[in-house]
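Enquirer: With the input below, show me the fold.
(2 chains)
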There are 2 protein chains.
Amino acid sequence: MSDLLSRDDVEAARRRLAPYLSPTPLRRAFSVPGGRGWLKLECWQPTGSFKVRGALSILTALDASERGRGIVAASAGNHALGVAFAVQALGGDMPATLFVPETAPRAKVDKLRTFPVTVVEAGATYDEAAARAVEHAARTGATIVHAYEDTRTAAGQGTAGLEILEQLPEVGVIVVPVGGGGLVAGIGTVVKEARRDVRIVAVQAAASPSLRDSLAQGRALLEYAAAPTLADGVAGGIGEIAFAHRHLIDEVVVVPEAEIEEAMAALVSHDQVIAEGSGALAVAALRSGRVSAPEGRPAVAVVSGANVDARVLGRLLARG
Amino acid sequence: MSDLLSRDDVEAARRRLAPYLSPTPLRRAFSVPGGRGWLKLECWQPTGSFKVRGALSILTALDASERGRGIVAASAGNHALGVAFAVQALGGDMPATLFVPETAPRAKVDKLRTFPVTVVEAGATYDEAAARAVEHAARTGATIVHAYEDTRTAAGQGTAGLEILEQLPEVGVIVVPVGGGGLVAGIGTVVKEARRDVRIVAVQAAASPSLRDSLAQGRALLEYAAAPTLADGVAGGIGEIAFAHRHLIDEVVVVPEAEIEEAMAALVSHDQVIAEGSGALAVAALRSGRVSAPEGRPAVAVVSGANVDARVLGRLLARG
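Expert: Below you'll find the predicted structure:
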């Protein structure tokens, strides 16, 4: 579980993903003062988040026998959409079961049902849905598609890092939101093997600084009691894989809630980009000046996802 | 001024634009009920609107002597951003002057000033700024970059139509917002030369149905007293070029203000897409069922632009 990734793993994932996903745009950030900010728009993936990279990375790595037994995942959010899209992209004929908690928003469940997957509403919490997914896998031989605790997932997420290096070779720092940590492990791997001069900054919400605390305690906090946060997509513990790749992270920045809100509003106002709370973390970190950047070189904020409740966004904008 | 475009003109424009612009995504529209709607995301152009196609089409068509004398345009909106981006993309060394009305929003003027162009605030209205641009051109020999009344502009806009036909060959109807009408002339040209079975539907706001009235009166209403509308990007008269291409338009649909608001909110809620009022017109037309579509075939809404005031958007979302 804590194998180290190599750039070759990520390059291989990119070759597998290429038929199904185009690179996401890298754009100047008008929401970051000073003119040196750029946005890696993972929020413009067909599923609204980077998670589709990891899901496709696993699904395209399965052999014929594994495909025949199918896949299973637990999520009602960005990971579920990534898995559903990946199943459809690969032809839609692989048995695929998604366990979603009964508390999941109706709109998200309805969206999942438009894909060729079996959606099972089960359990009051994510953990209960995840337990059902494990049972299902044991019974059917289906492959569990984990959102971050699988090196194939992290290799898929790392393909975003390959794109950044090609799109902006002069980049000086890349700011990456960290929940489970597959994204930072993947991006860190490709960046540090190729370009040690590029800083990797992890960013978390002040409501859930599980990576910062893991580093302080010298062990991976796989569970973490987060306070309520707009950045619910990255709330909770980090993964073993992320912790095993901690040497690739130069700095952890923690952002208070008010700055996440301001970053979401600024992204809409100045860049016409919708980001969910966790998606706006990196922009919040750059706007606050909390990120130390190599002098004069550009800073890339990974805008990881877009799936925010429209009414929440509306309140932020109407206020601003 | 009323020359007819050919598909060859648009193909030539595409070859000129290819080094500077990637095709925009075509995505399933969760905001259009029934599962047959698709979004052509021109709102995701680097400038937030399709206008950059037309601007680049003109600038890349200039010879060395014309480039030396430079270009001039009047706008504080999407066209100005398109021209500014095009100047920068071509190396930033062409003399370029943008006349913007003194009433233009500060944020838009500030954004323009980040590009290698000379921004001159002049005149209380668009018409006064446009008059200054004409004077400037007469004095300096600069080329006027018109937002729609130039076949090179319309050829550039038509490149969006080439992309749609390639991205979704089974398309049955394409719904296009009409202001000056360069976009519908360009898209109509490529679609009707290649695929007469694909319907072209023009959409306008009920506050400014200048194309509908032009067709009824048998003459181009180049000026039109529009009522206030969220779709200010398409308010006012149509162009001679658009009128000369009216045989390519199968139907004109007119959308009331409330449906524009609903479409903007639905695009954020269901597709995580920011559209300005005129950008949401085509989605509004599809949501209302006002567009007759060939049975069972997909309908493409051209989401023409994203540059909406964040507070206006916030009010719509908070209400919904």
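Enquirer: what residues are up against A:P23?
Expert: Each residue near A:P23 by CB atoms under 8 Å, 6 or more residues apart in numbering or on different chains is listed here: A:163, A:167. Where you see a C-beta, it was placed from the backbone N, CA and C, and this is true even at glycine.
Enquirer: Over to A:A29?
Expert: Counting by CB under 8 Å, 6+ apart, A:A29 touches A:37-39, A:270-271, A:283, A:286, A:301.
Enquirer: Return the subset of those residues lying in strands.
Expert: Residues of the contacts of A:A29 located in strands (DSSP state E): A:37-39, A:301.
Enquirer: Neighbour count added to these, as JSON lines?
Expert: Formatted as JSON lines, the ones in strands among the contacts of A:A29 follow (neighbours: other CB atoms under 10 Å in any protein chain shown):
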{"residue": "A:G37", "neighbour count": "24"}
{"residue": "A:W38", "neighbour count": "22"}
{"residue": "A:L39", "neighbour count": "27"}
{"residue": "A:A301", "neighbour count": "33"}
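Enquirer: Quick one: those as a markdown table, columns for pLDDT too.
Expert: As requested, the ones in strands among the contacts of A:A29 are exported to a markdown table (pLDDT from 0 to 100):
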| residue | pLDDT |
| --- | --- |
| A:G37 | 96 |
| A:W38 | 98 |
| A:L39 | 98 |
| A:A301 | 98 |
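Enquirer: with the residues you listed in mind, which one is nearest to B:G239?
Expert: Distances from B:G239 to the ones in strands among the contacts of A:A29, taken as CB to CB, are shortest for A:L39 (34.5 Å).
Enquirer: Quick check, that closest one in contact with A:V283.
Expert: Yes. With contacts counted by CB atoms under 8 Å, A:L39 reaches A:V283, the gap being 7.2 Å.
Enquirer: ok, the contacts of A:A29 vs chain B, which is closest?
Expert: A:H270 (7.6 Å; CB to the nearest CB).
Enquirer: pretty sure that closest one is touching A:R27, no?
Expert: No. Using CB under 8 Å, A:H270 is not in contact with A:R27; the gap is 11.3 Å.
Enquirer: just the helices in the stretch 1-150 of chain A please.
Expert: Using DSSP state H, counting those that start in this stretch, the helices found in the stretch 1-150 of chain A span residues A:7-17, A:51-59, A:64-69, A:78-89, A:106-112, A:126-140.
Enquirer: Among the ones you listed, which comes closest to chain B?
Expert: Of all these, it is helix A:106-112 that lies closest to chain B, at 6.3 Å by CB to the nearest CB.
Enquirer: So which bits of the closest one are buried?
Expert: Buried positions in helix A:106-112, judged by neighbour count with 16 or more other CB atoms under 10 Å in any protein chain shown: A:108-109, A:111-112.
Enquirer: What is the helix or strand of chain A with the lowest mean pLDDT packed up against?
Expert: Lowest on mean pLDDT, DSSP states H and E among the helices and strands of chain A sits helix A:106-112, with a mean of 87. Judged by 3 or more CB pairs under 8 Å, 6 or more residues apart in numbering or on different chains; DSSP states H and E, helix A:106-112 is in contact with helix A:78-89, strand A:96-100, strand A:118-121.
Enquirer: Low-confidence stretches in the stretch 1-150 of chain A?
Expert: Applying pLDDT under 70 to the stretch 1-150 of chain A picks out residues A:1-2.
Enquirer: just the stretch 201-320 of chain A next, same as before
Expert: Applying pLDDT under 70 to the stretch 201-320 of chain A flags residues A:320.
Enquirer: what about the strands in the stretch 101-250 of chain A?
Expert: Per DSSP state E, counting those that start in this stretch, the stretch 101-250 of chain A carries strands over the ranges A:118-121, A:143-144, A:173-177, A:199-205.
Enquirer: roughly how far out does the first one sit from the chain middle?
Expert: What separates the centre of strand A:118-121 from the centre of its chain is 23 Å, taken as CA atoms, centre = their mean, to the nearest Å.
Enquirer: Pick out whichever of the buried residues of helix A:106-112 sits closest to B:R16.
Expert: Closest to B:R16 out of the buried residues of helix A:106-112 is A:K111 (39.1 Å), distances taken as CB to CB.
Enquirer: Which parts of the stretch 201-320 of chain A are helices?
Expert: A:210-217, A:240-244, A:257-271, A:277-287, A:310-319.
Enquirer: In JSON lines, list those along with distance to B:R139 and mean neighbour count.
Expert: Below are those laid out as JSON lines (distance: least, CB to CB, whole Å; neighbours: other CB atoms under 10 Å in any protein chain shown):
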{"stretch": "helix A:210-217", "distance to B:R139": "61", "mean neighbour count": "19"}
{"stretch": "helix A:240-244", "distance to B:R139": "62", "mean neighbour count": "23"}
{"stretch": "helix A:257-271", "distance to B:R139": "35", "mean neighbour count": "22"}
{"stretch": "helix A:277-287", "distance to B:R139": "43", "mean neighbour count": "31"}
{"stretch": "helix A:310-319", "distance to B:R139": "43", "mean neighbour count": "19"}
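Enquirer: Turn the helices and strands packed on helix A:106-112 into TSV, columns for distance to A:V175 and mean neighbour count.
Expert: Formatted as TSV, the helices and strands packed on helix A:106-112 follow (distance: least, CB to CB, whole Å; neighbours: other CB under 10 Å):
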stretch	distance to A:V175	mean neighbour count
helix A:78-89	19	26
strand A:96-100	30	24
strand A:118-121	34	16
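Enquirer: Make TSV out of those and add distance to A:E135.
Expert: Formatted as TSV, these follow (distance: least, CB to CB, whole Å):
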stretch	distance to A:E135
helix A:78-89	18
strand A:96-100	9
strand A:118-121	11
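Enquirer: No further queries at this time; thank you.
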